[in-house]
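Asker: Here is my input; please provide its structure:
(2 chains)
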Amino acid sequence: MHHVIIGAGPAGVVAAEHIRRLDADAKISIIGDEPEPPYSRMAIPYFLIKQIDEKGTHLRKGADHFAGLGIDLVQDRVATVDAAGKQLSLAGGGSVAFDRLLIATGSSPATPPVPGVESQGVYNCWTLEDARNIVSLCQPGNRVVLMGAGFIGCIILEALASSGVDLTVVEMENRMVPRMMNEASGGLIKAWCEHKGVRVHTSTKVEAIEASGGALNVVLSNAETAGADMVISATGVRSNIGFLEGSGIDTDHGILVDTHLETSQPGIYAAGDVCQGKDFSTGEYSVQAIQPTAADHGRIAASNMAGMSQVHQGSVNMNVLDTMGLISSSFGMWMGVDGGESTELNDPGGFKYLNLQFADDLLVGASSLGLTDNVGVLRGLIQSRTRLGEWKDRLIQDPTRIMEAYLARTQAVGFNAYVV
Amino acid sequence: MLRALKLEPEKCTGCLQCEMACSYENEGVFNPSKSRIKVFMFHDTGRFAPYTCTQCDEAWCMHACPVEAIVVNETTGAKEVLEDTCVGCKVCTIACPFGTVNYNSASGKVVKCDLCGGDPWCAKACPTGAITYVDGDHTGLDRMRAWAQRSQPVEASFNTPASKDVSSYQRA
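Answerer: Here you go, the predicted model:
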């Protein structure tokens, strides 16, 4: 049995290792198109601030980790998938036959429809190669315009600001991290960044990027123009599905899968950023593009590939973000649900914010800012669908009592703990 | 045989000796805010609940880590954070559904209970036996069974508490 995995990111690597755990004899290959050993994009911000070297970004640290597990790493790009013939053709020539295929090709930065976005001096921040370019260009005094204040834009702000560049952030929406934070908390992140000396334009579009001499002029919709030595484009990511055209594998925003993460073609699975998998909260299928979901997908797809049927119950969409030291997180339906109730703690002076969203007496979503203790329990309460009972009202009074609510509703904390 | 922390909230008096011992053993200071075990307070009912990582088999934190910085200690079964490898991305802190992996902004890394390498100081410091370090098979079955059956109210033979709010809950 030959298991072939396209993509050497977390989903692909977790899947390969899990297949090996379940089947000692299978042949396993990972095909990745980047020259580096498998690495984590999550670690790039820490590479940018020089907290870690390149090796620190690697998913697995042992030099012979993959060889030791009998997992072949192939550096090439898959050009086409022949689903019926169970064959891949490679950009470097040649082909690979498979019995089971996992597509874990991840995502790539979206290119915003801005005239001049292809100009020299406009960079993405996605790969290690991008990170090396940014490190070399972030010299003190250089002017940098960051297009997009989403997750990626915010998480590299610390690195950009600490390198001494003159930094301007431009975000189309009315707040920072609009897909994780509401107006109150997104606004606090903006205030925090401005307090740290970063210029932030929200509700502002980049109209055009024009070359001027050796530098760039970034024309903004608020009639201002920002000069820049470098523009970093961080306007979201898109699933890498282009190479599947004509393969018979159904796609939408990502690859369409069933609850076993199998695609429309039998024996072919998808995982991670490229997979339009089930969302725990909505029950709908969407691309989440987050690390924990990639790991979930990788493990479940691997079980199914190895013949151990496992159903994906849906992943909770969640994220945690460090914007220049201000930490925020969001979980599930953080924006609330129709007919639901909510509560919030808002301490703008202390840069603290906590918002809980309920449906009936279930916690269905949450977002937090400046509060990091025990935040994982928000995921636990959402995913375990723990009935909060009278604790819902207590949380509405004081949303910080999330751990107490969890313990009181799930653990034997009662009179004599009911152990008689 | 792997051992595990057995937590019995009904024996806890909220003295916080466990938090003092944990922070001193692991951080070198007597500072409950740096403890990996926490006593959660229910002042309105006079209850206390010590809680920390259960070293769960699912190991959500370990699987979510993008850089292999959380590993199993094969001797104790604890999931341990390798401080040199942790980059501080905090994904494990949202992945752990029990809320027991926390970010330490001073070190820029995450911290969690590692069972003190097999000799947990919280258990040694607990004066009432609310925290004990016992054979892993003996930590929870009676408690789980009692908890699962709690919807049939148990007649208390002494000092019946005023309200058992948990057992009176009716599912819609």
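Asker: For the nearest residue to residue A:268 once chain neighbours are set aside, list the residues it contacts.
Answerer: Counting by C-beta to C-beta, 6 or more residues apart in numbering or on different chains, residue A:101 is the residue found nearest to residue A:268 once chain neighbours are left out, at 4.6 Å. Yep, even glycine has a C-beta here, placed from its N, CA and C like the rest. Contact analysis of residue A:101 by C-beta atoms under 8 Å, 6 or more residues apart in numbering or on different chains lists A:3, A:4, A:5, A:6, A:81, A:86, A:88, A:267, A:268, A:269.
Asker: of all those residues, which comes closest to chain B?
Answerer: residue A:5 (17.2 Å; C-beta to the nearest C-beta).
Asker: was I right about that closest one contacting residue A:17?
Answerer: No: applying C-beta atoms under 8 Å as the test, residue A:5 and residue A:17 come out as separate, 10.5 Å apart.
Asker: quick one, which of the two is more surrounded?
Answerer: Between residue A:5 and residue A:17, residue A:5 has the larger neighbour count (other C-beta atoms under 10 Å in any protein chain shown), namely 32 against 19.
Asker: returning to what we had before: where does the residue nearest to residue A:268 fall, secondary structure wise?
Answerer: strand A:100-103 (DSSP states H and E).
Asker: try residue A:276
Answerer: Here residue A:276 is assigned to strand A:275-278, by DSSP H and E.
Asker: So what are the sheet partners of that strand and their directions?
Answerer: Here strand A:275-278 has these sheet partners by DSSP bridges: strand A:255-256 (parallel), strand A:285-286 (antiparallel).
Asker: how much space between the nearest residue to residue A:46 once chain neighbours are set aside and residue A:292?
Answerer: Nearest residue to residue A:46, sequence neighbours excluded (C-beta to C-beta, 6+ apart): residue B:87, at 4.2 Å. Residue B:87 sits 16 Å away from residue A:292 when distances are taken as C-beta to C-beta, to the nearest Å.
Asker: need the contact list for the residue nearest the centre of chain B.
Answerer: Centroid-nearest residue in chain B, with C-alpha atoms, centre = their mean: residue B:52, separated by 1.7 Å. Neighbour list for residue B:52: B:5, B:7, B:36, B:37, B:38, B:100, B:113, B:122 [criterion: C-beta under 8 Å, 6+ apart].
Asker: who touches the residue lying closest to residue A:103 once chain neighbours are set aside in this structure?
Answerer: Using C-beta to C-beta, 6+ apart and skipping residues adjacent in sequence, the residue nearest residue A:103 is residue A:270, 4.6 Å away. Listed by C-beta under 8 Å, 6+ apart, the contact set of residue A:270 reads A:102, A:103, A:104, A:254, A:255, A:257, A:261, A:263, A:276, A:277, A:297, A:301.
Asker: is it true that the last one touches residue A:271?
Answerer: In other words, residue A:301. Yes: between residue A:301 and residue A:271 there is a contact under C-beta under 8 Å: 4.5 Å.
Asker: what residues are shared contacts of these two?
Answerer: Joint contacts of residue A:301 and residue A:271 (C-beta under 8 Å, 6+ apart) are A:11, A:15, A:102, A:261.
Asker: how about the nearest residue to the last one once chain neighbours are set aside, secondary structure?
Answerer: Using C-beta to C-beta, 6+ apart and skipping residues adjacent in sequence, the residue nearest residue A:261 is residue A:301, 4.3 Å away. Under the three-state scheme (DSSP: H, G, I helix; E, B strand; the rest coil), the conformation of residue A:301 reads as helix.
Asker: and residue A:301, how many residues sit next to it?
Answerer: Number of residues near residue A:301 (other C-beta under 10 Å) recorded here: 33.
Asker: tell me the contacts of it?
Answerer: For residue A:301, the contact set (C-beta under 8 Å, 6+ apart) comprises A:11, A:15, A:102, A:261, A:269, A:270, A:271.
Asker: show me the contacts for the residue nearest to residue A:384 when sequence neighbours are not counted.
Answerer: In this structure, residue A:384 finds its nearest non-sequential neighbour in residue B:97, 6.9 Å apart by C-beta to C-beta, 6+ apart. Listed by C-beta under 8 Å, 6+ apart, the contact set of residue B:97 reads A:376, A:377, A:379, A:380, A:383, A:384, B:60.
Asker: got the residue ranges for the helices in the chain?
Answerer: Using chain A here. A:10-22, A:44-48, A:65-68, A:128-137, A:151-155, A:157-162, A:183-195, A:291-305, A:376-383, A:391-397, A:402-410 (DSSP state H).
Asker: actually chain B
Answerer: B:17-27, B:60-64, B:91-95, B:121-125, B:141-148.
Asker: Get me the contact residues on the stretch 201-350 of chain A for chain B.
Answerer: A:291-292, A:295-296, A:299, A:318-320, A:322, A:325, A:327, A:329, A:331 (C-beta under 8 Å from any C-beta of the partner chain).
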